[in-house]
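Q: dropping the sequence and predicted coords here.
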Amino acid sequence: MESVASGADCAMGGSIPRVAPSCKARDSTQGRKALAQVAARGAPGGARRGRGAGARREGNRLGGYRSGDMRRLPPFLLLLAASACSHASTLPPAAALHNDEGVRALREGDLETADHQLNLALEYAPDFVEALVNLGLVELERGNFERARVLLQRARRRQPDVAEPHHGLGVLAEREGDLEEAEVCYREALRVDPGFLPARMALARLYYDAGLLEAARVEFGRATAAAPEDAEVAAGLAQALMSLGRDEDAGRVIRGAQSAGGAPALTLASARLLLKSGELGEARRRLEQLSVEQPELRAARLAWLAVIELAERQPVKAEQLATEALGIYPAESVARWVLRHRERESDGVK
C-alpha cells in the first residue's frame, strides 16, 4: 500500500485548484530552469520585465474583483463585471450593461454573444478596460492569441495600475508555453495589487507544476493570508505542504479550512492525506461522496479512486477509472501514473 500511495503522491499535480489558468506548465528541463532562475530573484518587485512590457508604474488597482465568481467559470477565465469597478459610475450605463451581458455569455460558453456584447460596450466606451480584458479572454478561448494580445496590451496601456490586464497577459503567455513571461506578468499584477488572488494562485500553481515546491508553498501561503476564508486557496497550500512531506502541517490547514466551510478541492486534499496515512476506507468514502463539475477536479477524484483500487489489488478497476479520468482531463498526472504502473506490472508478468 505504501509504495502505491507514495508513487501516486509523487505523480500528483492534477488536483491543485485553479483559480486562474487551467493550462499546465510544460514539464521540461528548459521550463524548470527558467522558472528556477526567476524564483531565485525573490519578491514580486524584483521580477525582470518581459517582452512588450512597459516601465514600472505605481498605483492602485481597480477594486472589487470577486473571487467567488471564478469558481463558476472555465478555470483560466477572469471575467470583470462593470458593477464591481470603482469608476463604474463614470461609464455610460449602456457600456456597463453590455459588458455584464458579455460576462454572462462568456460564463455560459457562448463566445459569439459575448463577442457582440463586449464590442458594443466598447463602442459606448472605447477605453473601457474591463470590456477590453473580457474581449481578450474571448479571443484567448477561441485560440486567437495575437488578437487577445492586442486587446490585453491595449487594456494595460490604458490603465497600467490595474492588475487584471497584467494577469490576462500572464494567462496568454502560459497558454503559449512561455513560462518565464507568464511568471513576469503574474508578478507585475501582484506588484500593482499584492492581494489580487487570481494572479497569486496562478503564480503558485506555475511553480507547483514546475516542481518548485517551496516557492509554490510561499505563494499559496500568501494567497491564504489574502483570502483566509477561501477553502480552495487553503487546499492549494495543503497540497503543496503534502508534496513537501509536511503532512502534519497540511492536516492543520485542512482542518482549519473545513471548519470555515469545505470545497471540492479541499475534500480531494483531505482524501489524499488519508490515503498517505493508509486510511483507505475513509479516503474512498470522501471521494465517492464528492460531487464536482469542474473537469480537472472530476478527473482528480477518479484518479485517486484508481489509486485506492490499485492499493486494494483491483488493477482492472483501477485502469478503468484512470482511463475515464484521462477522458475528462488528459493532463491528469495521477491517472497517467496509474496507467504506467499497470503497464510495468503487465510487463513484469510477461
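A: Yep, it's here.
Q: any idea how far residue 124 is from residue 291?
A: 41 Å (CB to CB, to the nearest Å). (Each C-beta comes from the backbone N, C-alpha and C, glycine too.)
Q: which of those two has more neighbours?
A: Comparing residue 291 with residue 124 by other CB atoms under 10 Å, the one with more neighbours is residue 124, at 17 against 9.
Q: read off the pLDDT value for the more buried one.
A: Among the per-residue scores, residue 124 shows a pLDDT of 96.
Q: surely it meets residue 99?
A: No - applying CB atoms under 8 Å, one finds residue 124 not in contact with residue 99, separated by 9.2 Å.
Q: quick one: the closest residue to residue 256 other than its chain neighbours from residue 248, how far?
A: Computed as CB to CB, 6 or more residues apart in numbering, the closest residue to residue 256 that is not its neighbour in sequence is residue 234, at 7.1 Å. As judged by CB to CB, residue 234 and residue 248 stand 15 Å apart.
Q: the two: which has the busier surroundings?
A: residue 234 (29 against 9).
Q: which residues touch the more buried one?
A: Taking CB atoms under 8 Å, 6 or more residues apart in numbering as the criterion, residue 234 is in contact with 224, 253-254, 256-257, 266.
Q: tell me where the model's unsure across the stretch 201-350 of the chain.
A: Applying pLDDT under 70 to the stretch 201-350 of the chain flags residues 260-262, 347-350.
Q: recalculate using a threshold of 80.
A: Within the stretch 201-350 of the chain, the set of residues satisfying pLDDT under 80 comprises 258-262, 345-350.
Q: so which residues of it form helices?
A: Ranges of helices within the stretch 201-350 of the chain are 213-226, 231-243, 247-259, 264-276, 280-289, 295-311, 315-328, 333-349, based on DSSP state H, counting those that start in this stretch.
Q: which of those helices sits most buried?
A: helix 231-243 (a mean of 27; mean count of other CB atoms under 10 Å).
Q: off-centre distance for that helix?
A: Mean C-alpha position of helix 231-243 versus that of the full chain (CA atoms, centre = their mean, to the nearest Å) differs by 12 Å.
Q: what does stretch 320-330 give?
A: On CA atoms, centre = their mean, the centre of stretch 320-330 falls 20 Å from that of its chain.
Q: what do you get for stretch 332-350?
A: Worked out by CA atoms, centre = their mean, stretch 332-350 lies 27 Å from the chain centre.
Q: can you check stretch 178-188 too?
A: Taking CA atoms, centre = their mean, one finds the center of stretch 178-188 at 14 Å from the center of the full chain.
Q: domains for this protein, by residue range?
A: The record's domain parsing of the chain by automatic domain parsing lists 1-16+263-350, 18-227.
Q: distance to residue 240 for those - can I get that in TSV?
A: TSV is the format used below for these (distance: least, CB to CB, whole Å):
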stretch	distance to residue 240
domain 1-16+263-350	8
domain 18-227	4
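Q: on that earlier part again, roughly how far apart are the residue nearest to residue 256 and residue 209?
A: Counting by CB to CB - residue 234 and residue 209 are separated by 19 Å.
Q: for the closest residue to residue 223 other than its chain neighbours, what are its contacts?
A: Once flanking residues are discounted, residue 223 sits nearest to residue 200: 4.3 Å by CB to CB, 6+ apart. Neighbour list for residue 200: 186, 190, 194, 219, 222-223, 226 [criterion: CB under 8 Å, 6+ apart].
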